[in-house]
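# Whatever this is, show me its structure:
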Amino acid sequence: MFYPQEVVDEVISRNDILDVISSYLGNLKRAGSNYTCCCPFHNERTPSFSVSRSKQMFYCFGCHEGGNVIGFVMKYEHFGFQEALKMLADRAGIALPEVELTEEEKRSVDRKSRLREVNTAAAAYFHFLLTKTERGKTGYAYYREKRHFTDETIARFGLGYADIYADDLYRYLKQKGFSDEVMRDAGLVDFSERNGPQDKFWNRVMVPILDMQGKCIAFGGRVLGDAKPKYLNTKETEIFDKSRNLFALNIARRSRRRGIILCEGYMDVITQHQAGFDNAVASLGTAFTEGQAAMIRRFTKEVYLAYDGDTAGKMAAKKAIRMLRSMDMSQRVIDLSPYKDPDEFLSAEGPEAYEERIGKAVPGRLFEIREMAKEYHLSDPEEKSTFIREAAVSIAGIQDIPERSSYIETVSREFGLDENVLQQEVSRIGMLGLEERPAIRNEEEVHPRTVSQGNAPAARTAEQSLLAWMVGLPEYFGKLKEYISPEDFTGRCREIAEELFRQYESEGRIEPKRILSRYPDEDSQKEVAHILSDEFPFDADKESTEKALTEIVRKVKLEGEDRAMKSHEGGWIEHAKRKAMWQKLTIRL
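Residues are numbered from 1 along each chain as shown. Okay, here's the model as predicted:
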């Protein structure tokens, strides 16, 4: 929606920047004609963040963030322009121009608004039962005595209690004027001909689930007694998508603490917030998803995992590590041993010890390798050899050279491996373009001790990897052309190979950028760029390079023979002889 400049100007003029920023930071101090404090956008000890009331602007002399009141809200709240403008307009009591909606869009907006209203009413009722009635004493005792939550924490999270009567909430909401349809669509009440209306939650302590704007969209409930399931979440609705919401992210996104702590349950989150770790969040009864990772990435790329220490928790942590790594996000695992979860740890050891564990959290890749090592008897030569390769596959996924070298050194020292052997294996795998073998194994998968070295999947096709060699290491082109020709490639790789060979033959050098210019359409350029952009920053010795080069050339030639055999080009015996010859290939540089 485009708003006229005069509307934007009015919103700005009606929201004094000092008042707005003070409502967020609260610690501004007068310094001449301006006000200063420590910057909310980067860590610092000496205040460099300045707010000018006369200029209606802010500026940080440390990180150089600056702008007007809309810019501050956008940066602090991680809002888009429209969201920030709307929030400030609401704050000033300004009605923004109405957006023209279709009748169906209007019905959808009204329906979603009503769903939020019924959830808000239910949350208020649950909280009232817990804190103001005799009926809520059981739930209150659970929170205070078993979970050790303070009244302040109970109020902050709006914790509540669902009564033992199966239609208690229904009767309350009916009195409030909510329809059966709204209650059903919000996932609060079930209806059947046999039993009539029945509350989805009863005899449970209740935790409201809020969206990013702090609106109640769902609930989590823990049963008081032996009923199943122990934990129950609202079903997915028009306003609640489990895969795109995280419990307490509306609070954690404003935390001044470093990164986000990701854990499994909302009780763990509340315990951590009470202990001062207000950057903790949790997924909502489902495995961690890409959508949730993307939400976190809007605010930080640094994630600490505080999952349960049992087998299921470790499996979940490995999945989350791979998810976060695929999105270029940092992952570290907090060691909670000998305790099961953050709740137990904080109850036994306290915040200072937890802070110490956070400081010692290990990188996700090192956690994976340590867990991997537990599956092998490293005193057995064969199992040790397999572990070396598994570890090398993981380390080869690190593109930063100093970080990769550090991992090689650390893993070698920790598990008693020959550092040179691990270095050579990392280099060999890296130069072949092999992707990480999944660190998470399902029960259906072959046990790692039975997996051969040849099972590591190629991140790129053999043809693409060889082209990357030819472009990235042109000094070997002359040697490669003794064995390889454009006819060994197919499709787009064949086109690229033909141009590379043409450049080398006519000019004695290759220029990949000239290949891109042959493809004017965007999709083709992306495809070619992907093929040519791969690099091999694995500073290997000559022997490792020869082995890797031999293996990739051998693979391309064998694939070519298989294609020729399927197309019936030549006799079977002839192909078998050539395949045997290529199997014995050894390239010397």
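# The stretch 301-450 of the chain: strands as residue ranges?
Under the criterion DSSP state E, counting those that start in this stretch, strands of the stretch 301-450 of the chain are mapped to 302-305, 330-333, 362-363.
# For these, give me CSV that also has distance to Arg370 and mean pLDDT.
C-betas here are computed from N, CA, C, even on glycine. Formatted as CSV, the strands of the stretch 301-450 of the chain follow (distance: least, C-beta to C-beta, whole Å; pLDDT from 0 to 100):
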stretch, distance to Arg370, mean pLDDT
strand 302-305, 14, 97
strand 330-333, 9, 96
strand 362-363, 8, 96
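# Quick one: the ones you listed as CSV, columns for mean neighbour count and distance to Asn43 too.
Formatted as CSV, those follow (neighbours: other C-beta atoms under 10 Å; distance: least, C-beta to C-beta, whole Å):
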stretch, mean neighbour count, distance to Asn43
strand 302-305, 22, 12
strand 330-333, 21, 16
strand 362-363, 16, 21
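# so which of these comes closest to Glu498?
strand 330-333 (42.0 Å; C-beta to C-beta).
# So in that sheet, which strands flank the closest one, and in what orientation?
Paired neighbours of strand 330-333 in the sheet (DSSP bridges): strand 302-305 (parallel), strand 362-363 (antiparallel).
# Residue ranges in the stretch 51-200 of the chain under the pLDDT threshold?
By pLDDT under 70, the low-scoring segments of the stretch 51-200 of the chain are 99-101.
# For it, just list every one of the helices.
69-77, 81-92, 103-132, 137-141, 151-156, 168-175, 180-185 (DSSP state H, counting those that start in this stretch).
# among the ones you listed, which is the most enclosed?
helix 69-77 (a mean of 20; mean count of other C-beta atoms under 10 Å).
# residues making contact with it?
The set of residues external to helix 69-77 that reach it, using C-beta atoms under 8 Å, 6 or more residues apart in numbering, is 8, 11-12, 15-17, 20-21, 24, 40-41, 56, 58, 65, 67, 79-81, 83-85, 87-88, 253-254.
# follow-up on the earlier one: can you add distance to Arg428 and give the strands of the stretch 301-450 of the chain back as TSV?
Formatted as TSV, these follow (distance: least, C-beta to C-beta, whole Å):
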stretch	distance to Arg428
strand 302-305	31
strand 330-333	26
strand 362-363	23
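# Quick one: closest of the ones you listed to Arg244.
Closest among these, using C-beta to C-beta: strand 302-305, at 16.8 Å.
# Please save the CA atoms from the closest one in PDB.
Provided in PDB are the C-alpha atoms of strand 302-305 (Å, rounded to 0.1, in the frame of the first residue of the first chain):
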ATOM      1  CA  GLU A 302      23.600 -17.100  15.900                       C
ATOM      2  CA  VAL A 303      21.700 -20.000  17.600                       C
ATOM      3  CA  TYR A 304      22.400 -22.000  20.700                       C
ATOM      4  CA  LEU A 305      20.800 -25.400  21.100                       C
END
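# Just give the nearest non-adjacent residue to Ile164, would you?
In space, and not counting its chain neighbours, Ile164 is closest to Asn203: 4.7 Å by C-beta to C-beta, 6 or more residues apart in numbering.
# cool, His273 as well?
Per C-beta to C-beta, 6+ apart, closest to His273 is Ala280, 6.2 Å.
# a markdown table for the strands paired with strand 330-333, including distance to Ala287?
Shown next, in a markdown table, are the strands paired with strand 330-333 (distance: least, C-beta to C-beta, whole Å):
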| stretch | distance to Ala287 |
| --- | --- |
| strand 302-305 | 13 |
| strand 362-363 | 22 |
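# To Tyr231, which of the ones you listed lies closest?
strand 302-305 (19.8 Å).
# Mind listing residues that contact that closest one?
258-263, 296, 317, 320-321, 324, 329-334, 358, 361, 364.
# Could you do stretch 141-149 as well?
Leu130, Ile154, Leu159, Val205, Leu224, Met267, Ile270, Thr271, Gln274, Asp343, Ser347.
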